[in-house]
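Student: Compute the structure for the input listed below.
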Amino acid sequence: MLTGWLPGVGLDERGRAQAAALAARLAPVPLDAIVTSPLDRCRQTTEPIAAARDGSMDGVVTDARLGECHYGDWTGKALKELEKDPLWPVVQAHPSAVRFPGSEGESMLDMQHRAVAAVREWNNKLGKDATYLICSHGDVIKAIVADSLGLHLDQCQRIQADPCSLTVIRYTTLRPFLLRLNDVGGGVDDLLPQAAAAAHAGLAAESDAVVGGGAGGGASAATVTGTGFPASPASDGLADRRG
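Tutor: Prediction:
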């Protein structure tokens, strides 16, 4: 089922376990902010992350711009049913042309614009040395990643965003750098302030990419994670994963 903005859809047992595992991984990483989609499954994903810090959700900020795409009349329908809709192949191959049907339907392009605008605003608000976490949804995360790579939105369906995966983007004055994508189990030592400082020692705040790789210096980083598995049956994105 395409959950979208349906109310009352929380994490199932598997999703809560994923959220707890992610919180344990991120516990050593100092976060200047935790920002979440307003939907229950995202707020429940951030609960253990916040609890590992001050024990409450008081420091978690909700930003509606990071909420799921508004799927309009598709909301609540089974994916098997939606696959027969003439709009389905357009969603897969040409998402920038899609506006979901119904008065509440949103275009995927508008979804990308609001989500990227939110990230940029948080970058400006928190400053160039901040590391913060955004908890959002599959299609939203893929749209943010596509923007960070300079890709047209039509390429976003080539990007994978699994439940409770970790994607890390470092923003500089020149360009974003995608440091991690769809990471579901790696260590986080390289995200700690000391490691980041050492990695970029000697680089000017506006330096270009290091020869041979690297992500430049003096950057803001958005650590973007997807929600854990929602209570079944549900889906948190519209990528076609058949085959």
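
Student: Spatially nearest residue to the residue nearest the centre of the chain (excluding sequence neighbours)?
Tutor: The residue lying closest to the centre of the chain (CA atoms, centre = their mean) is Ile141, at 3.5 Å. Spatial nearest neighbour of Ile141, excluding adjacent residues (CB to CB, 6 or more residues apart in numbering): Ala161 at 4.3 Å. For glycine as for every other residue, the C-beta is placed from the backbone atoms N, C-alpha and C.

Student: how deep is the nearest residue to Leu126 once chain neighbours are set aside tucked in, by neighbour count?
Tutor: Among residues not flanking Leu126 along the chain, Asp32 sits closest, at 5.2 Å (CB to CB, 6+ apart). As a burial measure, the neighbour count of Asp32 was computed by other CB atoms under 10 Å and equals 15.

Student: confidence score at Asp32?
Tutor: Asp32 carries a pLDDT score of 93 in this model.

Student: next one: phi and psi at it?
Tutor: Backbone geometry at Asp32, expressed as degrees, to the nearest 10, gives phi -80, psi -20.

Student: shouldn't the residue nearest to Ile141 be in contact with Gly226?
Tutor: Yes: look at Ala161 against Gly226 with CB atoms under 8 Å: they come within range, at 5.1 Å.

Student: Give the residues shared as contacts by these two.
Tutor: In terms of CB atoms under 8 Å, 6 or more residues apart in numbering, Ala161 and Gly226 are both contacted by the residues Gly138, Ile141.

Student: just to revisit the earlier point, got the contact list for the residue nearest to Leu126?
Tutor: By CB under 8 Å, 6+ apart, the contact list for Asp32 reads Leu126, Gly127, Ala130, Thr131, Tyr132.

Student: Please apply the same query to Pro230.
Tutor: With CB under 8 Å, 6+ apart as the criterion, the residues that contact Pro230 are Thr3, Val9, Gly10, Leu11, Asp12, Gly15, Arg41, Asp236.

Student: In helices only, show me these.
Tutor: Among the contacts of Pro230, the residues falling in helices (DSSP state H) are Gly15, Arg41.

Student: I'd like the contacts of Pro230 as TSV, with neighbour count and distance to Pro230 appended.
Tutor: Rendered in TSV, the data for the contacts of Pro230 read as follows (neighbours: other CB atoms under 10 Å; distance: CB to CB, whole Å):
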residue	neighbour count	distance to Pro230
Thr3	21	6
Val9	20	5
Gly10	16	7
Leu11	24	6
Asp12	16	7
Gly15	22	6
Arg41	27	5
Asp236	26	6
